[in-house]
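Student: Predicted model and sequence below, questions to follow.
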Amino acid sequence: MADTDLSSTSLGLAAYAEFADRYASVAPTKAHNALYERPATIALVGDVSGLRILDAGCGPGIFSEIFARSGATVHAFDITPRMVELARIRCAGLPVTLAEGNLAEPLNWLQDASFDKIVCALALDYVADLAPVFKEFRRVASPGATLVFSMSHPMRDWMDERTHGAWTYFDTSRFGMYWGGFGEPKPFVQSYRRPLAAVLNSLVESGWNLDSFVEPKPLEEMKIVDPEHYTELSMAPAFICVRARC
């Protein structure tokens, strides 16, 4: 189901409030996450020891925990209250500060030039307009900071008729589908699909310099635990992972 109603409704909150606990339980080891997107994103982030990290759209705190255990001081936020609660449990005792926050709104509680690295994993698909988000990331980034984000691959989503509906590749549209892999009832998740140019141009026009663009391949371990998706993802990517510098 696809449409072009780009309303201000938080698609992330609407979706993840429904299955936050199931997501937090499954995502740490789910093949698409643990053996595909997450390793690619972490490789782009690189060494975080001694650095200040912003984990934007942190979900249940999976990345926040990884960064904190690697020596970083982490500030994380998510729009879903239950996700923030779950992240607090996961990151208990670690140098992680958590808050509720909306990527689609100004990050007013964060100071200018306060983070060495900003990470936003699989959260931007729920935001209609990326430019304000990238501008806010630029504002809170310290000189020389890096931004790493991952999101659905625009071409992959458009090739799925459930996603593109009657619209062209060049349109930005909203679509939804039922997700498998997180138990029953299957959660209905809506997100936005936009052309690649809309992603990268919004990034550059917000003051970021594109540094690396990755269309990840699955780790070899995925061939054992999920051979069907390993074959599929070895033929065509499902996500993009991007690193930019200021």
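Tutor: Received, thanks.

Student: so where's this structure uncertain?
Tutor: Low-confidence segments of the chain, defined by pLDDT under 70: 1-9, 164.

Student: And the strands in it?
Tutor: Along the chain, counting by DSSP state E, strands occupy 2-3, 52-56, 73-78, 96-100, 115-121, 141-152, 173-178, 188-193, 209-214, 239-245.

Student: quick one, which of those is nearest to W109?
Tutor: Judged by Cβ to Cβ, the one of the strands of the chain that comes nearest to W109 is strand 96-100, at 6.7 Å. C-beta here means a position set from N, CA and C on the backbone, and glycine is covered the same way.

Student: which of the residues in the closest one are buried?
Tutor: When burial is assessed from 16 or more other Cβ atoms under 10 Å, strand 96-100 yields the following buried residues: V96, L98.

Student: list the helices and strands it packs on?
Tutor: Using 3 or more Cβ pairs under 8 Å, 6 or more residues apart in numbering; DSSP states H and E as the contact criterion, the secondary-structure elements in contact with strand 96-100 are helix 62-69, strand 73-78, helix 81-90.

Student: Can you give the strand pairings for that strand, parallel or anti for each?
Tutor: Sheet partners assigned to strand 96-100 using DSSP bridges are listed as strand 73-78 (parallel).

Student: which residues touch the strand it pairs with?
Tutor: Strand 73-78 is contacted from outside by 51-59, 61, 64, 67-68, 84, 87, 91, 94-101, 107, 110, 115, using Cβ atoms under 8 Å, 6 or more residues apart in numbering.

Student: let's see it at 6 Å
Tutor: Contact partners of strand 73-78, identified using Cβ atoms under 6 Å, 6 or more residues apart in numbering, comprise 52-55, 57-59, 64, 67-68, 84, 95-99, 101.

Student: Relative to P132, which of the helices and strands packed on strand 96-100 is closest?
Tutor: strand 73-78 (15.7 Å).

Student: and the angle from that closest one to strand 115-121?
Tutor: Between strand 73-78 and strand 115-121, the angle comes out at 40 degrees (axes from the mean of the first three to the mean of the last three Cα atoms, to 10 degrees).

Student: So what's the gap between strand 73-78 and the chain middle?
Tutor: Relative to its parent chain, strand 73-78 has a centroid offset of 14 Å by Cα atoms, centre = their mean, to the nearest Å.

Student: Check stretch 141-155 too.
Tutor: Mean-position distance between stretch 141-155 and its chain equals 9 Å (Cα atoms, centre = their mean).

Student: for that stretch, which positions count as buried?
Tutor: Buried residues in stretch 141-155, counting neighbours by 16+ other Cβ under 10 Å, are found at A141, A145, T146, L147, V148, F149, S150, M151, S152, H153, P154.

Student: Could you do stretch 122-135 as well?
Tutor: Neighbour-count burial for stretch 122-135, with 16+ other Cβ under 10 Å as criterion, is recorded at L122, A123, L124, D125, Y126, V127, A128, L130, P132, V133, F134.

Student: If we ignore the residues flanking it in sequence, what's nearest the spatially most central residue of the chain?
Tutor: Taking Cα atoms, centre = their mean, the centroid of the chain lies closest to L122, which sits 1.9 Å from it. Here the nearest residue to L122 in space, its sequence neighbours aside, is S150; by Cβ to Cβ, 6 or more residues apart in numbering that works out to 5.5 Å.

Student: hang on, the earlier thing: how about the helices and strands packed on strand 96-100 in TSV, adding distance to A238 and mean neighbour count?
Tutor: Rendered in TSV, the data for these read as follows (distance: least, Cβ to Cβ, whole Å; neighbours: other Cβ atoms under 10 Å):
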stretch	distance to A238	mean neighbour count
helix 62-69	18	22
strand 73-78	22	25
helix 81-90	22	19
